[in-house]
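Visitor: the following comprises the amino acid sequence and a computationally predicted model.
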Amino acid sequence: MSNPHLPTASVWRRLVLPLGIVALIAAQGVALTLTGVHVPPLIGVLSFGVAIVAAAFALAWAGEAAEVDISGGLAVGLLAIIAILPEYAIDLYFAFSAGSDPSQAPYAAANMTGSNRLLLGFGWPFILLVAFLAFLAARRRRTAADPDVQAKPFAIRLPHGNRVELGLLLVASVLTLVIPLTGQIHVVLGVLLLALFAYYLWRVSTGESDEPELVGVAHSIGTLPTRARRATVVTIFVLAAVIILLLAEPFATSLVEGGRALGIDDFLLVQWLAPLASEAPEFVIAVLFALRGKAAMGIGILLASKVNQWTALVGTLPIAHLIGGGGMALPMDARQVEEFTLTATQTILGVAMLLTLRFSGRWAVALFVLFAATFVFTSTEARLIVSAVYAVLAVALFVVRRRTLLPTITAPFRFAKREEPAALEPERSA
């Protein structure tokens, strides 16, 4: 993808400013950590948090540029891993600490379930909203050029290749139902989920590789000569990953201490504030795709991220707990069982909604309303009712869309050429 008409020196000049800004933001967090300077919890949350997000953005740029050298499906999978690396670091820190300090166990579960529900309950609807606004703008331009153009409802249409993610997500969701039933995440389950994730990466790596459409910093990196591009991508990967892993512990500690200082429940703080920071990179990437008329790619990024979280992230928690000195299973208390029940049923409904490979406004509203309901009605009974609604809607959709259910389940184990993702098209069915 290197451009022979664009001098390498010119490309480097374009990269100096954005990479320099990211480096400065990350450097202040690293400096605080290495010097051991103690700062108030709220300042620590801000300093370490923005440093982690900055490093994650650098990783996202490098991940997009890596599409030049690897298959598109694998690039999307790796980009999703890269985007949620901050969350991996935070969750694994809490799970590892729980091995010697059981009081840390709820935080690992809180951050993981919070980020997962945020991804579906807010992320998917928000991408559709952005896509809808972009669609309206495009339709307004078409109407101005041709007044006879008729307005039609729309939906985001996903490529057939996304059935691989949907099928694996459904399999993983069935496996994770063991967690609320047993009240623990066992190492054996963790190994199974990690194996499923490894298979997912291998499966998408066999897909067709298409010329990527890069923009901004990722485009500048992608236009570098082959050796310089690969060296830049690898360097960013290594440095940013080290920064994120180095800052995970002080950020998590500051988060808990800051919440206590403000009188906020530790569990809720870790469950929702930390994911807002750790999920920011992938949200930004998905929004950019939606604004460029590639809403299907935006949803695809969030879908791949969901697969990563629901397999690799959940799978590594009991292993980190074991390495940290804990037993063969990471225990869950009653509150965490509720969280996993909500998250698992929401995930299954998300898969059911996408069985036709169409994501429409009515289902986006349903996802968001059910997600928001758990903030308004916080009792155990209310949360179990929301879980039941998720489950009932999912079963109903599975019945109505039963012809697409088997192809979705078997998709990860069949090999076919992936299609180009479509942007927005008129909705033809519910």
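Guide: Thanks, I have it. Numbering: from 1, shown residues only.
Visitor: would you mark the buried spots in stretch 279-296?
Guide: 279-283, 285-290, 293-296 (16 or more other CB atoms under 10 Å). Every residue, glycine included, has its C-beta placed from N, CA and C.
Visitor: that's a strand at Val39, yeah?
Guide: No - counting by DSSP: H, G, I helix; E, B strand; the rest coil, Val39 is located in no strand; its state is coil.
Visitor: now the strands: where do they sit in the stretch 251-400 of the chain?
Guide: Secondary structure of the stretch 251-400 of the chain (DSSP state E, counting those that start in this stretch): strands at 329-331, 358-360.
Visitor: the first one - contacts with which helices or strands?
Guide: What that stands for is strand 329-331. Secondary-structure packing of strand 329-331 (3 or more CB pairs under 8 Å, 6 or more residues apart in numbering; DSSP states H and E): helix 105-118, strand 184-186, helix 314-323.
Visitor: save the ones you listed as TSV, and put in mean neighbour count and distance to Val256 too.
Guide: Formatted as TSV, the helices and strands packed on strand 329-331 follow (neighbours: other CB atoms under 10 Å; distance: least, CB to CB, whole Å):
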stretch	mean neighbour count	distance to Val256
helix 105-118	25	7
strand 184-186	22	21
helix 314-323	23	18
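Visitor: for the ones you listed, which one sits closest to Phe371?
Guide: For Phe371, the closest of the helices and strands packed on strand 329-331 is helix 105-118, at 6.2 Å, according to CB to CB.
Visitor: that closest one to helix 314-323, inter-axis angle?
Guide: Relative orientation of helix 105-118 and helix 314-323, computed by axes from the mean of the first three to the mean of the last three CA atoms, to 10 degrees: 170 degrees.
Visitor: put the alpha carbons of helix 105-118 into CSV.
Guide: C-alpha atoms of helix 105-118 as CSV (Å, rounded to 0.1, in the frame of the first residue of the first chain):
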residue,chain,number,x,y,z
ALA,A,105,-12.7,-10.7,43.2
PRO,A,106,-15.9,-8.7,42.8
TYR,A,107,-14.0,-6.0,41.0
ALA,A,108,-12.8,-8.3,38.2
ALA,A,109,-16.3,-9.5,37.6
ALA,A,110,-17.7,-5.9,37.8
ASN,A,111,-15.4,-4.5,35.2
MET,A,112,-15.9,-7.4,32.8
THR,A,113,-19.7,-7.6,33.0
GLY,A,114,-20.0,-3.8,32.9
SER,A,115,-17.9,-3.5,29.8
ASN,A,116,-19.8,-6.3,28.1
ARG,A,117,-23.2,-4.8,28.7
LEU,A,118,-22.0,-1.3,27.8
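Visitor: can you list the weak-confidence ranges in the protein?
Guide: Within the chain, the stretches falling below the threshold (pLDDT under 70) are 1-8, 70-86, 141-153, 207-213, 215, 276-278, 280-281, 415-430.
Visitor: quick one, helices of the stretch 201-350 of the chain?
Guide: Along the stretch 201-350 of the chain, counting by DSSP state H, counting those that start in this stretch, helices occupy 216-222, 226-262, 266-268, 274-278, 280-291, 295-308, 314-323, 334-353.
Visitor: tell me the most buried of those helices?
Guide: Among those, helix 295-308 has the highest mean neighbour count (mean count of other CB atoms under 10 Å), at a mean of 27.
Visitor: got the angle for that helix vs helix 334-353?
Guide: Going by the same axes, to 10 degrees, helix 295-308 makes 140 degrees with helix 334-353.
Visitor: related to what we said a few turns ago, redo the helices and strands packed on strand 329-331 as CSV? Include distance to Asp333.
Guide: Shown next, in CSV, are those (distance: least, CB to CB, whole Å):
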stretch, distance to Asp333
helix 105-118, 7
strand 184-186, 10
helix 314-323, 14
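Visitor: report the central residue of this protein.
Guide: Nearest residue to the geometric centre of the chain (CA atoms, centre = their mean): Ser305, 3.5 Å.
Visitor: circling back to that earlier point, could you dump the strands of the stretch 251-400 of the chain to JSON lines with distance to Thr33 and mean neighbour count?
Guide: Converted to JSON lines, the strands of the stretch 251-400 of the chain look like this (distance: least, CB to CB, whole Å; neighbours: other CB atoms under 10 Å):
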{"stretch": "strand 329-331", "distance to Thr33": "27", "mean neighbour count": "22"}
{"stretch": "strand 358-360", "distance to Thr33": "41", "mean neighbour count": "21"}
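Visitor: output the ones you listed in JSON lines; the columns should cover distance to Ala108.
Guide: Rendered in JSON lines, the data for these read as follows (distance: least, CB to CB, whole Å):
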{"stretch": "strand 329-331", "distance to Ala108": "7"}
{"stretch": "strand 358-360", "distance to Ala108": "30"}
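Visitor: Gly315: which of those is closest?
Guide: strand 329-331 (11.0 Å).
Visitor: so what are the sheet partners of that closest one and their directions?
Guide: Its sheet considered, strand 329-331 pairs with strand 184-186 (antiparallel) by DSSP bridges.
Visitor: wait, isn't the residue nearest to the centre of the chain in contact with Glu282?
Guide: Yes - Ser305 lies in contact with Glu282 (CB atoms under 8 Å); the separation is 5.3 Å.
Visitor: list the contacts for the residue lying closest to Val287 once chain neighbours are set aside?
Guide: Here the nearest residue to Val287 in space, its sequence neighbours aside, is Val130; by CB to CB, 6 or more residues apart in numbering that works out to 5.5 Å. Val130 is in contact with 287, 290-291, 295, 298, counting by CB atoms under 8 Å, 6 or more residues apart in numbering.
Visitor: among those residues, which two are most distant?
Guide: Greatest spacing in the contacts of Val130, by CB to CB: Val287 and Ala295 (9.8 Å).
Visitor: redo the contacts of Val130 as CSV? Include distance to Ile409.
Guide: Output for the contacts of Val130, formatted as CSV (distance: CB to CB, whole Å):
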residue, distance to Ile409
Val287, 31
Ala290, 28
Leu291, 33
Ala295, 25
Gly298, 25
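Visitor: ok, so of these, who is nearest His160?
Guide: If you rank those by distance to His160 using CB to CB, Ala295 comes first, at 16.4 Å.
Visitor: re the thing from before, so which of the helices and strands packed on strand 329-331 gets nearest Val365?
Guide: Of all these, helix 105-118 comes closest under CB to CB, at 16.2 Å.
Visitor: helices or strands next to that closest one in the packing?
Guide: helix 85-98, helix 266-268, helix 274-278, helix 314-323, strand 329-331, helix 334-353, helix 361-376.
Visitor: which of the ones you listed sits closest to Pro407?
Guide: Among the helices and strands packed on helix 105-118, helix 334-353 sits nearest to Pro407 (CB to CB), with 12.8 Å.
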